[in-house]
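Enquirer: sequence unavailable; structure follows:
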Ligand SMILES: Cc1cc2nc3c(=O)[nH]c(=O)nc-3n(C[C@H](O)[C@H](O)[C@H](O)COP(=O)(O)O)c2cc1C
C-alpha cells in the first residue's frame, strides 16, 4: 500500500551523521534576529544573497514538494513599484534588497515528477513505497480537481473513512492548498531571515503589501500563486530596531499536555 512509506521502515543502506550541535550559536542567532525597519545604504554582496537563498531552500517542507518561489527583485523599475506596493513602508523603501516569497499551490505536480526523476538517478534502489507515494498518493492528496470539486468528494470520503480510524483530513479544498503551500513557504522564509542574520545582515518580513499588485508585478498566475511575504534585507540602521523585543508570558503559548 502506498502509505506504507510513512508507517513501515524501508530497508536502506544510507546514514547521515548528526554530530553537529551548537546551541549557543543558534540561540545567539535567533535572539539577534530582529525586524529592521530602517537600513543603512550598505549593499548586500550578491554571493551572500545567493547563499542565503540556497539555505532558505533547505527548509523542511510538506512531502518535499517545495511549494515555494523566491523573487529577488533586481530591476530598478520593478523595485520602485514594489516599494509603493509595500505601501512605502520604511522597511521596504530604505532596504537595499527585497525578496518576495511566493507560495505555489500548483507546482506539486511538476515537483512530484521531478522527485520521481531524482529517484531514477539514485544508485541505491528507492523503496517502492516511496515511488508509489509520489505516483499515486500525492496526486490523490493534492489534486482538488476543477473548481475544487474533487476536493469536495475527498471531504465526504475522508469523513466517512475517519468514522472508525484516524485519517488525514486535509488538503480537501483550494483553501487547504493555500494553507498547505504557505506553511512550507513560511518555514523557508524563517530560514532565509536567520541565514541573513548569520551573515550579519538584517531583514523585515512584510505582509503589509498590495497582494494583487505584487502578484501582477511578478507575473504570477492567478489562482495558483500567492505572495506569502516580502522580506527586505540590509544592514540595520542605528535606529532601525524600533524597541526592545516584546514577547508575552510563555504560559499563554506553551502547553504541556
Ligand atoms: C508574516 C509577517 C508579516 C509581517 N508584516 C510586517 C509588515 O508588513 N511591516 C512591518 O514593519 N513588520 C512586519 N512584520 C514583522 C513583525 O511586526 C515582527 O516580526 C514582530 O513585531 C516581532 O518583532 P521581531 O521580528 O523583531 O521579533 C511581519 C512579520 C511576519 C512574520
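Expert: Thanks, I have the structure now. Predicted, not measured: the structure shown is a model, and the values here were computed from it.

Enquirer: make it CA atoms for all contacts and neighbour counts henceforth
Expert: Fine.

Enquirer: just the helices in this structure please.
Expert: For the chain, applying DSSP state H gives helices covering 4-7, 23-32, 46-56, 76-85, 90-93, 108-121, 128-132, 138-142, 149-161, 174-198, 211-217.

Enquirer: among those, which is the most enclosed?
Expert: Looking across these with neighbours counted as mean count of other Cα atoms under 10 Å, the highest average goes to helix 90-93: a mean of 24.

Enquirer: next to the ligand, which bits of the stretch 51-200 of the chain? Give me the list.
Expert: For the stretch 51-200 of the chain, the residues in contact with the ligand (Cα under 6 Å from any ligand atom) are residue 91.

Enquirer: name the nearest residue to the closest residue to the ligand within the stretch 51-200 of the chain, ignoring sequence neighbours.
Expert: For the stretch 51-200 of the chain and the ligand, the shortest gap (Cα to the nearest ligand atom) falls at residue 91, measuring 5.9 Å. Closest residue to residue 91 in three dimensions, ignoring its sequence neighbours and counting by Cα to Cα, 6 or more residues apart in numbering: residue 37, at 4.0 Å.

Enquirer: from residue 75, how far off is that neighbour?
Expert: As judged by Cα to Cα, to the nearest Å, residue 37 and residue 75 stand 22 Å apart.

Enquirer: quick one: which of those two has more around it?
Expert: Neighbour count, other Cα atoms under 10 Å: between residue 37 and residue 75, residue 37 has more, with 24 against 8.

Enquirer: identify the residue nearest the geometric centre of this protein.
Expert: In the chain, the C-alpha nearest the mean C-alpha coordinate belongs to residue 185, at 1.4 Å (Cα atoms, centre = their mean).

Enquirer: any idea how far residue 34 lies from the ligand?
Expert: From residue 34 across to the ligand, the span is 3 Å (Cα to the nearest ligand atom, to the nearest Å).

Enquirer: now swap in residue 238 and tell me
Expert: Here residue 238 is placed at a distance of 14 Å from the ligand (Cα to the nearest ligand atom).

Enquirer: show me what contacts that residue?
Expert: Contact criterion Cα atoms under 8 Å, 6 or more residues apart in numbering gives no residues in contact with residue 238.

Enquirer: got a pLDDT number for it?
Expert: At residue 238 the predicted local distance difference test score is 98.

Enquirer: looking at this protein, which helix or strand is least sure?
Expert: In the chain, the helix or strand scored least confidently by mean pLDDT, DSSP states H and E is helix 4-7, which has a mean of 82.

Enquirer: what about it, distance to the chain center?
Expert: With Cα atoms, centre = their mean, to the nearest Å as the basis, helix 4-7 stands 24 Å off its chain's centre.

Enquirer: circling back: so the residue of the stretch 51-200 of the chain closest to the ligand sits against residue 36, correct?
Expert: Yes: in this structure, residue 91 is within contact of residue 36 by Cα atoms under 8 Å, at 6.6 Å.

Enquirer: common neighbours of these two, please.
Expert: Shared contacts of residue 91 and residue 36, counting by Cα under 8 Å, 6+ apart, come down to residue 204.
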